[in-house]
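K.L.:
Provided below for reference: sequence and predicted model.
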Amino acid sequence: MAEFRVDLSWADPARLIDTPRHVFVHDELRYAKGANQRDVEIDGFINYHWLTSPEDHGRPKVMLEAGINAASDVAGPDGGVRRPLIAVRSSPWKAGHETNPWHDEFDLDHGHVRYFGDHKPSTVGFLGATKGNRLLLEAARLHAGTTRHERLLAPPLLLFRSITVHRGGKAVVKGHVEFCGAAIIERLEHVVQRDPETGKSFPNVALDLAVVVGREIDGIDMRWIDDRRDSSLDTELALRHAPDQWKRWVKNGRTAISGARRRVLASTVKKPKEQQPVPGSADASVLATLYVFYDGRKHAFELLASKVAAEVLRESGARYKEGWLSRSSGDGGADFIGRIDLGSLAASTPVVVLGQAKCIQPSSSVSPEQVARVVARLRRGWIGVYVTTGSFSRQAQVEIIDDQYPVVLIAGGTLAATVRRMAEANYGGDLNALLQATVDQYADAITYRRPEEVISI
């Protein structure tokens with residue numbers, strides 16, 4: 001069961017009305033038949049009806065009996081009429097049956113849901129003949145709005161998924177839902193589906209949804225929904241408890257969706273300070289020396305980057321062979337070339353390595369566009385390495401991970417630690433001697449050859 005995250009120490013549900021009422025992605029909720037809106041918990045799970053419609057607000061329940069459900073329209077003091085929310089439920093265990101012939105797809109780690117409307121093989125009429133599809137078509141027009149006013153009125157889609165839980169040692173199939181976030185309709189298309197049981201084709205709508213959560217919490221504050229249902233609040237004020245990412249979308253529109261989408265990358269995406277040496281450490285001193293030394297002769301940094309890349313890859317157990325440096329102009333996104341031999345000595349295959357070097361202030365970051373130069377040069381089976389004295393921006397890391405590009409990112413912290421070990425192993429700890437060697441050897445390391453030629457050396 002998900003951890004319960006509301007302070008109930010004073011156990012007075014009435015006092016909870018003005019307290020943040022957070023619900024997190026993957027929280028398991030009890031959706032019990034006939035449940036009241038007063039009890040915070042039922043059977044050890046958060047009470048869905050208390051969470052969505054606390055009793056003291058005096059508003060009707062937001063039901064999940066259908067796949068697509070909506071609260072009543074609200075007319076605010078500004079004259080704007082808004083639909084507070086649309087509650088969407090997916091029932092995976094029903095998928096493929098006549099009552100639910102659709103197969104919704106949930107990729108919450110990447111903030112994407114593919115959801116199908118409620119048209120069925122037995123539905124008579126065109127798209128929009130069902131209440132659920134009418135709600136989605138109406139909402140899609142506002143979500144695609146080109147003005148802030150339209151997006152302010154756009155109802156958030158609250159996503160729920162039916163789940164099986166275990167209570168008292170028994171699997172309980174019905175009566176529980178998992179919260180999957182709030183969503184923006186990114187795209188709506190008309191599709192033709194086929195009923196797997198009868199083979200009959202029927203029209204439907206398919207939505208691509210961008211899942212949105214808060215910047216500080218992996219969920220939303222339900223006071224946002226309370227405000228949207230409050231007719232005493234105008235549409236602008238009803239935005240006050242919305243997730244920051246939703247507010248960003250309301251302000252900037254479609255272009256903001258990519259950055260607002262939920263992504264679970266905490267274990268791989270690193271903050272700038274995590275990519276740099278600890279301040280005051282020996283590695284921090286090395287990095288500062290590197291930047292000062294190569295400032296004004298940054299082409300020579302390419303040779304150091306090539307040697308560092310070789311060291312890092314060899315530490316992973318790879319059989320790496322250094323190639324050459326590209327000429328200083330027209331390198332097309334590759335500063336150095338290398339090769340990894342995969343397999344055993346008796347049976348192996350070579351892989352081309354394209355390297356990019358960027359000597360920038362340690363406090364600066366490399367943008368997605370800069371990393372994309374290496375990615376654009378990669379052919380099938382090649383890998384890239386990017387070495388910098390700075391850090392890699394969050395978005396640059398996200399794009400590498402999301403698109404599964406084979407690029408190794410070596411930031412200032414790893415660079416400094418590796419250079420310090422290289423100086424100790426080969427130059428008696430004399431860092432300046434190592435750096436000067438890269439300047440002296442730079443001209444001889446440049447070769448005018450195509451990257452794929454590294455396979456034959």
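P.N.:
Yes, it's here. Residues are numbered from 1 along each chain as shown.

K.L.:
Show me where the stretch 1-150 of the chain has its strands.
P.N.:
For the stretch 1-150 of the chain, applying DSSP state E, counting those that start in this stretch gives strands covering 22-24, 28-30, 41-42, 45-47, 68-70, 74-75, 81-82, 86-90, 105-107, 112-116.

K.L.:
Can you spell out which helices and strands pack onto the first one?
P.N.:
Same thing as strand 22-24. Packing partners of strand 22-24 (3 or more CB pairs under 8 Å, 6 or more residues apart in numbering; DSSP states H and E): strand 219-221. Every residue, glycine included, has its C-beta placed from N, CA and C.

K.L.:
How far off centre is the strand it packs on?
P.N.:
Its chain's C-alpha centre and that of strand 219-221 lie 16 Å apart, by CA atoms, centre = their mean, to the nearest Å.

K.L.:
do the same with stretch 369-379
P.N.:
21 Å.

K.L.:
and what of stretch 79-86?
P.N.:
28 Å.

K.L.:
Identify the residues contacting it?
P.N.:
Outside stretch 79-86, the residues within contact range by CB atoms under 8 Å, 6 or more residues apart in numbering are 62, 68-76, 135-136, 138-139, 149, 152-153, 155-158, 225, 228-229, 234-235, 238.

K.L.:
rerun at 6 Å
P.N.:
Here stretch 79-86 makes contact (CB atoms under 6 Å, 6 or more residues apart in numbering) with 70-71, 73-75, 135, 139, 153, 155-158, 225, 228-229, 235.

K.L.:
List the buried residues for that stretch?
P.N.:
Going by neighbour count (16 or more other CB atoms under 10 Å), the buried part of stretch 79-86 is 82-86.

K.L.:
Just the CA coordinates for it, please, in PDB.
P.N.:
Taking C-alpha atoms only, stretch 79-86 is exported to PDB below (Å, rounded to 0.1, in the frame of the first residue of the first chain):
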ATOM      1  CA  GLY A  79     -18.600  35.200 -16.100                       C
ATOM      2  CA  GLY A  80     -16.500  32.400 -17.300                       C
ATOM      3  CA  VAL A  81     -18.000  28.900 -17.300                       C
ATOM      4  CA  ARG A  82     -15.500  26.200 -16.600                       C
ATOM      5  CA  ARG A  83     -15.600  22.400 -16.200                       C
ATOM      6  CA  PRO A  84     -13.600  21.800 -13.000                       C
ATOM      7  CA  LEU A  85     -12.200  18.400 -14.100                       C
ATOM      8  CA  ILE A  86     -12.700  15.200 -16.000                       C
END
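
K.L.:
Kindly confirm my reading that Tyr448 is in a helix.
P.N.:
No - under DSSP: H, G, I helix; E, B strand; the rest coil, Tyr448 sits outside any helix and is assigned coil.

K.L.:
Can you tell me how far it is from Arg327?
P.N.:
According to CB to CB, to the nearest Å, Tyr448 stands 6 Å off from Arg327.

K.L.:
Who has more neighbours out of those two?
P.N.:
It is Arg327, of Tyr448 and Arg327, that has more neighbours when counted by other CB atoms under 10 Å, with 12 against 7.

K.L.:
helix, strand or coil for that one?
P.N.:
coil.

K.L.:
Distance check, it against Ala416.
P.N.:
28 Å.

K.L.:
And Arg379, by the same measure?
P.N.:
Separation of Arg379 from Ala416 (CB to CB): 32 Å.

K.L.:
more neighbours, the two?
P.N.:
Ala416 (25 against 9).

K.L.:
In the host helix or strand of Tyr320, which residues are buried?
P.N.:
If you go by DSSP states H and E, Tyr320 is part of strand 319-325. Neighbour-count burial for strand 319-325 flags 320, 322-325 (criterion: 16+ other CB under 10 Å).

K.L.:
wait, what's in contact with the residue most central in space within the chain?
P.N.:
In the chain, the residue lying closest to the centroid (CA atoms, centre = their mean) is Arg263, at 2.0 Å. Residues in contact with Arg263 (CB under 6 Å, 6+ apart) are Gly111.

K.L.:
tell me the domain ranges of this protein?
P.N.:
13-260, 272-456 (automatic domain parsing).

K.L.:
mind putting the ones you listed in TSV, mean pLDDT included?
P.N.:
Below are the domains of the chain laid out as TSV (pLDDT from 0 to 100):
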stretch	mean pLDDT
domain 13-260	90
domain 272-456	92
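
K.L.:
Can you tell me which of the buried residues of strand 319-325 comes closest to Ile185?
P.N.:
Nearest to Ile185 among these: Tyr320, at 47.5 Å, using CB to CB.
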